[in-house]
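Enquirer: okay, sequence plus prediction incoming.
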Amino acid sequence: MGFLSRLFGGKALEVWPPPGSGAITTWPSGESFDPTWISLMVLTGLGRDERSYARKDCPYCGAVQDPLPKMKRKCPSCGQPVFVRTGADGLRHLLREADVEAHVGYFPVLEVAGESHYQRTLERIAGGRTPHGPRNTEHIAALIPDPANAHDTNAVRVVVMPVRSAANPTLQRGQAWGLVGYLTRKDAVAYRPVIDAAAAVGAVIGCMAELTGGWDRGTGDRGFFGVILHLGLPRDCEAEAARRSRPFP
């Protein structure tokens, strides 16, 4: 039975972490854990809690963006997609789609492995398809170790959480959520100290996640869903997580 089937099918979900347990020392087996008990520590990845913007206006029409976007969104004035990337200068840059690939960035964009096994879950989380891709592209993902994994005891699950945004990570009841893949083996090892630093204060690491692909142009032209994570370098994330005295918010 799939993740969302268990969620909506009436089977009780595991209460994890246990209430009042303090530091997280165990990780849930399988996928049937209740997200309402999880405290997310959503990282900026720059070793500090706030980032400044190199510009605050739309790269297409020049309209000032208020509020400033943290991930890709359409400009309220011209409707063009404005992309957000952190540059080598440590500042957030608002970019046109055509400029994203050439942008020299600070953030490593982490690829999620195994999304092909979770297409059903991704379609529900996406809220449907458009000719250009998922209807809802921007999400928050939790990184949850999976020590009982039969293929890799270092495996780390990527679970899209039912929260509003990084700025307001509160539970949205009824919002689709679930396991969408895993960190690559290399990234799972590299980011484990970050995960452990958050677990020491009873939190689970979260980061911005973006759904890719997922288009439907008719006549059978449909793309597979993919997931990329926007997360800083391990050393900067670890410093930020270690500095936090309590879970976010």
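Expert: Ah, there it is.
Enquirer: strands of this structure, start to end?
Expert: In the chain, the strands defined using DSSP state E lie at 40-42, 73-74, 81-86, 92-95, 109-113, 129-130, 133-134, 138-145, 156-160, 178-183, 204-213, 225-230.
Enquirer: out of those, flag the one nearest Glu240.
Expert: Glu240 lies closest to strand 40-42 among the strands of the chain, at 8.7 Å (C-beta to C-beta). Backbone N, C-alpha and C define where each C-beta goes, glycine included.
Enquirer: do a quick rundown of the helices in the protein.
Expert: 3-8, 119-126, 185-190, 192-199, 234-243 (DSSP state H).
Enquirer: in a markdown table, list the ones you listed along with distance to Ala148.
Expert: Formatted as a markdown table, these follow (distance: least, C-beta to C-beta, whole Å):
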| stretch | distance to Ala148 |
| --- | --- |
| helix 3-8 | 16 |
| helix 119-126 | 20 |
| helix 185-190 | 14 |
| helix 192-199 | 16 |
| helix 234-243 | 24 |
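Enquirer: tell me the domain boundaries of this structure?
Expert: 3-45+107-243, 51-106 (automatic domain parsing).
Enquirer: okay, those domains in a markdown table with mean pLDDT and mean neighbour count next?
Expert: Below are the domains of the chain laid out as a markdown table (pLDDT from 0 to 100; neighbours: other C-beta atoms under 10 Å):
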| stretch | mean pLDDT | mean neighbour count |
| --- | --- | --- |
| domain 3-45+107-243 | 82 | 18 |
| domain 51-106 | 83 | 15 |
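Enquirer: mind putting the strands of the chain in CSV, distance to Gln119 included?
Expert: Shown next, in CSV, are the strands of the chain (distance: least, C-beta to C-beta, whole Å):
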stretch, distance to Gln119
strand 40-42, 25
strand 73-74, 25
strand 81-86, 24
strand 92-95, 29
strand 109-113, 13
strand 129-130, 11
strand 133-134, 12
strand 138-145, 16
strand 156-160, 13
strand 178-183, 9
strand 204-213, 10
strand 225-230, 6
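Enquirer: one step back: looking at the helices of the chain, which is nearest to Trp27?
Expert: Using C-beta to C-beta, these put helix 192-199 closest to Trp27, at 8.7 Å.
Enquirer: please compute how far that closest one lies from its chain's middle.
Expert: When C-alpha coordinates are averaged (C-alpha atoms, centre = their mean, to the nearest Å), helix 192-199 and its chain have centres 16 Å apart.
Enquirer: again, but for stretch 212-223
Expert: 23 Å.
Enquirer: follow-up on the earlier one: for Phe225, find the nearest of the helices of the chain.
Expert: helix 119-126 (3.8 Å).
Enquirer: picking that back up, Cys237 is nearest to which of the strands of the chain?
Expert: Between the strands of the chain, strand 204-213 lies closest to Cys237; by C-beta to C-beta that is 7.6 Å.
Enquirer: helices or strands up against the closest one?
Expert: When contacts are defined as 3 or more C-beta pairs under 8 Å, 6 or more residues apart in numbering; DSSP states H and E, strand 204-213 sits against strand 40-42, helix 119-126, strand 133-134, strand 138-145, helix 192-199, strand 225-230.
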